[in-house]
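Visitor: sequence unknown, structure follows:
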């Protein structure tokens with residue numbers, strides 16, 4: 001009986017996180033349409049949502065370090081993913097500056113890491129999350145990491161509409177040569 005309650009609780013939390021993401025990114029999209037940038041409160045709402053998502057790892061994963069199996073290839077693969085994801089985020093976010101919170105519109109970033117992904121910070125975050133979930137392999141960890149894909153995609157959809165309005169043909173051309181998430185640029 002306790003296992004059924006645990007599954008129900010996990011699914012309820014998953015549903016709440018999905019509903020929260022839907023609300024937050026609908027708000028972000030509306031704010032971009034209305035103001036052409038995010039206001040402080042909506043930027044805080046979006047950041048707060050991501051903070052809550054990351055805190056939920058403790059509900060989905062057995063996050064006691066003593067339970068991590070450090071023997072085997074899965075552990076080393078997880079560490080490589082975590083480090084790779086961390087480095088991608090650390091190298092991509094500072095390039096955006098205040099733009100990374102949608103509060104200031106600057107120039108379109110199309111060089112460096114942005115040649116291979118229009119959203120490297122989200123790709124890096126997924127690598128980090130997937131590696132972290134692999135430290136405690138379970139179906140709940142799979143759900144938690146998979147949820148990131150949905151959340152990130154909704155965020156990207158909200159931002160792309162905005163970027164098309166702000167940068168027009170320059171952004172459309174960038175989209176034709178640069179993958180949305182990860183890949184080699186097209187000539």
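Guide: Looks like it came in fine. Computed from a prediction, not measured in an experiment: that's the story for all the values here.
Visitor: How far does stretch 16-27 sit from its chain's centre?
Guide: Distance of stretch 16-27 from the chain centroid (C-alpha atoms, centre = their mean, to the nearest Å) equals 13 Å.
Visitor: Check stretch 13-30 too.
Guide: On the basis of C-alpha atoms, centre = their mean, stretch 13-30 sits 13 Å off its chain's mean C-alpha point.
Visitor: Stretch 35-43 now?
Guide: From the chain centre to the centre of stretch 35-43 is a distance of 19 Å (C-alpha atoms, centre = their mean).
Visitor: and the longest helix along the chain, what does it pack onto?
Guide: With residue count as the measure and DSSP state H as the assignment, the chain has helix 2-35 as its longest helix. Helices and strands touching helix 2-35, by 3 or more C-beta pairs under 8 Å, 6 or more residues apart in numbering; DSSP states H and E, are helix 40-55, helix 57-60, helix 139-167. Every residue, glycine included, has its C-beta placed from N, CA and C.
Visitor: how about a cut-off of 7 Å?
Guide: helix 40-55, helix 139-167 (3 or more C-beta pairs under 7 Å, 6 or more residues apart in numbering; DSSP states H and E).
Visitor: Quickly compare these and say which is most buried.
Guide: Highest mean neighbour count of those: helix 139-167, a mean of 17 (counted as mean count of other C-beta atoms under 10 Å).
Visitor: what's the following helix or strand after it?
Guide: Next in sequence after helix 139-167, counting helices and strands by DSSP states H and E, comes helix 169-177.
Visitor: got the angle for that next one vs helix 139-167?
Guide: On the basis of axes from the mean of the first three to the mean of the last three C-alpha atoms, to 10 degrees, helix 169-177 is oriented at 140 degrees to helix 139-167.
Visitor: what is the mean pLDDT for helix 169-177?
Guide: Averaging pLDDT along helix 169-177 yields 94.
Visitor: swap in stretch 58-76?
Guide: For stretch 58-76, the mean confidence score works out to 79.
Visitor: So for that stretch, what gets flagged as buried?
Guide: Across stretch 58-76, burial judged by 16 or more other C-beta atoms under 10 Å covers 60, 61.
Visitor: Low-confidence stretches in the chain?
Guide: Within the chain, the ranges that satisfy pLDDT under 70 run 1-6, 63-66, 95-106.
Visitor: related to what we said a few turns ago, right, and the helices and strands packed on helix 2-35 - which one's nearest residue 9?
Guide: Of all those, helix 139-167 sits nearest to residue 9, with 10.0 Å by C-beta to C-beta.
Visitor: Residue 148 - nearest residue in space that isn't next to it in sequence?
Guide: residue 129 (5.0 Å; C-beta to C-beta, 6 or more residues apart in numbering).
Visitor: separation between that neighbour and residue 72?
Guide: Per C-beta to C-beta, to the nearest Å, residue 129 is found 20 Å from residue 72.
Visitor: Nothing else from me, thank you.
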